[in-house]
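Student: coords please:
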Amino acid sequence: MIDLKKQKIALSNLTDLNWLKQSFFSDLGQKMELKKGDQIIAQGELNDKLFYVETGMASGYFKPDDGEEFKVFSTGTNMIVGIYSFFSNENRSYTTVKSDEDTTVYFVRKDQIPPRESEAYCLFLEHMLPVIVNEIYLRQMLMINSVSEKENVLKKLFESEKMATLGQLAAGLAHELNNAASVIQSKTHWITDHMKDYIREKDSKGLYPYFLKSLENGQELSTVSIRNRKQKIQELLHIREGAAKKLAKMNLTVEEIKEIGIAENQQLVDRLGYYWDAGLALHDINIAATHTTHVVQSIKELGAAGRKEAQLFSLRVSIKKAMSLLSGLLRNIDVTLEVDDEISFIGKEGDFIQVWVNLIKNAAESLNTSETKKPEIKIRAEIKNELFIITISDNGRGIDEKTKNRIFQPSYTTKVSGLSFGLGLGLSIVQKIVTIYDGDVLLEDKDGWTSFIVQIPKK
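Tutor: Below you'll find the model as predicted:
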């Protein structure tokens with residue numbers, strides 16, 4: 001937006017103001033002392049005078065035939081009013097000029113201006129021309145400001161209407177999904193309980209605890225750790241790669257594997273793998289069902305900020321749950337999790353799972369679409385200066401400057417076609433949730449790593 005105050009140029013810098021005042025605006029008989037609201041010129045009426053504002057301020061107002069009056073321009077001390085109507089052929093003012101405060105003006109009539117053929121008129125024009133040009137310039141700047149303001153208002157109105165429509169659609173969709181999500185969650189709990197009983201009854205090899213471990217904790221190891229453990233197990237036990245990978249996923253030590261006695265028993269390895277995968281599948285389904293219920297509830301409460309059902313929860317566990325929901329996207333990405341078990345938040349765990357899901361998902365999609373050779377995501381947390389600081393970084397293609405400036409705007413998306421189509425709501429949702437908890441989200445692109453940094457006050 002152009003600052004008109006900075007654009008105004010003192011007449012003394014454009015012309016010999018003292019000459020103009022002494023020659024045309026010094027007659028005490030043509031001096032007017034105006035009170036606030038007094039009218040100088042009327043819209044549509046003849047005007048044969050130029051007015052010099054000695055002190056105070058005056059503004060021009062235009063009133064359309066079927067609309068309300070609005071301000072067109074303002075003039076202050078040492079400025080001249082009435083230029084357009086004075087020099088135009090019709091001599092009619094297109095605005096009504098009023099004093100905005102107690103104002104002193106001098107005026108000169110057209111019949112007091114030297115004849116056009118005289119040298120005195122040329123001298124008058126020489127001093128007035130810069131004033132006229134400056135007046136035209138200021139009116140143009142005012143018009144540009146007005147057009148810009150209207151454009152911004154229209155954009156905001158469009159965004160507001162779009163988000164309102166989206167909110168209505170989301171609320172309707174949430175209403176329809178609510179029952180289905182509740183059924184999925186309750187039936188998932190039912191299946192989990194009955195599977196626990198079934199596997200406990202069928203287990204004759206003492207493998208049930210490993211089913212229970214995966215059911216309760218999910219996949220704790222990153223892909224990097226699993227690869228390293230698989231290689232170590234192969235080297236120490238001399239078993240085939242498939243069996244070593246299954247055992248590595250379960251986070252079993254070599255001593256535990258030897259104690260169970262399964263290293264040479266492929267059938268037992270498969271049975272243990274079956275129990276582990278069953279527990280892991282139910283673990284992830286439970287998280288997904290719970291998260292779906294939370295998201296549906298959040299959509300129903302769209303626009304309402306609050307911290308209902310706040311409770312203490314583990315930061316690491318909430319991130320692990322988010323990773324479970326994104327296991328398909330993270331399959332070929334090395335994920336490093338550097339978050340202490342002791343770090344806990346007070347809030348709605350589902351809110352933060354939404355935050356981690358969106359940020360990790362963005363990182364994974366960036367890596368997958370950019371086809372990074374050795375894709376990595378690093379998630380780390382620390383407590384510093386009474387802030388929880390959670391950083392999610394990826395070594396993908398980075399973010400260009402244009403996108404950086406708009407990335408948190410609602411409806412802005414870089415996914416424009418095919419299966420990558422997006423509504424552009426992910427990061428705006430992240431920012432909204434973090435703001436509810438008095439936090440902030442920062443973006444950093446440095447040394448080949450793109451990082452989203454979430455800062456939450458420690459309370």
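Student: going forward, measure contacts between C-alpha atoms and count neighbours the same way
Tutor: Fine.
Student: do a quick rundown of the strands in the stretch 301-450 of the chain.
Tutor: Applying DSSP state E, counting those that start in this stretch to the stretch 301-450 of the chain gives strands spanning 311-314, 334-338, 344-347, 376-384, 387-394, 440-446, 449-457.
Student: how about the stretch 101-250 of the chain?
Tutor: 103-109.
Student: any low-confidence regions in it?
Tutor: In the predicted model, the stretch 101-250 of the chain carries pLDDT under 70 at residues 160, 162-172, 174-176.
Student: which stretches in it count as helices?
Tutor: With helices called from DSSP state H, counting those that start in this stretch, the stretch 101-250 of the chain shows them at 119-202, 208-217, 223-237, 241-249.
Student: between those helices, which gets nearest to Ile453?
Tutor: helix 223-237 (23.4 Å; Cα to Cα).
Student: tell me which residues of the closest one are tucked away?
Tutor: Thr223, Ser225, Ile226, Arg227, Arg229, Lys230, Gln231, Ile233, Gln234 (16 or more other Cα atoms under 10 Å).
Student: what packs against it?
Tutor: With contacts taken as 3 or more Cα pairs under 8 Å, 6 or more residues apart in numbering; DSSP states H and E, helix 223-237 sits against helix 241-249, strand 334-338.
Student: now do that helix against strand 376-384, angle only.
Tutor: 110 degrees (axes from the mean of the first three to the mean of the last three Cα atoms, to 10 degrees).
Student: can I get helix 223-237 as CSV, trimmed to CA atoms?
Tutor: C-alpha atoms of helix 223-237 as CSV (Å, rounded to 0.1, in the frame of the first residue of the first chain):
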residue,chain,number,x,y,z
THR,A,223,14.0,-48.8,9.1
VAL,A,224,17.7,-48.0,9.6
SER,A,225,17.7,-49.8,13.0
ILE,A,226,15.9,-52.8,11.5
ARG,A,227,18.5,-53.1,8.7
ASN,A,228,21.4,-52.9,11.1
ARG,A,229,19.9,-55.5,13.5
LYS,A,230,19.1,-57.8,10.6
GLN,A,231,22.7,-57.8,9.5
LYS,A,232,23.9,-58.4,13.0
ILE,A,233,21.5,-61.3,13.5
GLN,A,234,22.6,-62.9,10.2
GLU,A,235,26.2,-62.6,11.1
LEU,A,236,25.9,-64.1,14.6
LEU,A,237,23.3,-66.8,14.0
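Student: need the residues that contact that helix.
Tutor: With contacts defined as Cα atoms under 8 Å, 6 or more residues apart in numbering, helix 223-237 is touched by 239-241, 244-245, 247-249, 254, 263, 331-336.
Student: and of these, the nearest to Glu201?
Tutor: Leu247 (23.1 Å).
Student: which residues touch the closest one?
Tutor: Counting by Cα under 8 Å, 6+ apart, Leu247 makes contact with Lys230, Ile257, Val269, Gly273.
Student: would you mind measuring from the second one to Ile40?
Tutor: Think Ile257. Separation of Ile257 from Ile40 (Cα to Cα, to the nearest Å) stands at 98 Å.
Student: which one's more surrounded, those two?
Tutor: Ranked by neighbour count (other Cα atoms under 10 Å), Ile257 and Ile40 place Ile40 first, with 19 against 15.
Student: surely that one is in contact with Thr103?
Tutor: No - between Ile40 and Thr103 there is no contact under Cα atoms under 8 Å: 10.6 Å.
Student: out of the buried residues of helix 223-237, which comes closest to Gly76?
Tutor: Once Cα to Cα is applied, the member of those that ends up nearest Gly76 is Thr223, at 71.3 Å.
Student: from Gly448, how far out is that closest one?
Tutor: 22 Å.
Student: what do you get for Ser182?
Tutor: Taking Cα to Cα, one finds Ser182 at 43 Å from Gly448.
Student: these two: who's more crowded?
Tutor: Using other Cα under 10 Å as the criterion, Ser182 and Gly448 rank with Ser182 on top: 16 against 12.
Student: which residues sit in contact with that one?
Tutor: Ser182 neighbours (Cα under 8 Å, 6+ apart): Thr293.
Student: now do 10 Å
Tutor: Thr188, Ala289, Thr290, Thr292, Thr293, Val296 (Cα atoms under 10 Å, 6 or more residues apart in numbering).
Student: average pLDDT for the host helix or strand of the third one, rounded please.
Tutor: For Thr290, the element it lies in under DSSP states H and E is helix 266-300. Across helix 266-300, pLDDT averages out at 80.
Student: find residues that contact each of Ile40 and Thr103.
Tutor: Contacts common to Ile40 and Thr103, judged by Cα under 10 Å, 6+ apart, are Met32, Leu34, Ala58.
Student: chain neighbours aside, what residue packs nearest to the first one?
Tutor: I take that to be Met32. Nearest in space to Met32, with sequence neighbours left out and distances taken as Cα to Cα, 6 or more residues apart in numbering, is Val105 at 5.3 Å.
Student: neighbours around the one you found, how many?
Tutor: Val105, neighbours per other Cα under 10 Å, totals 27.
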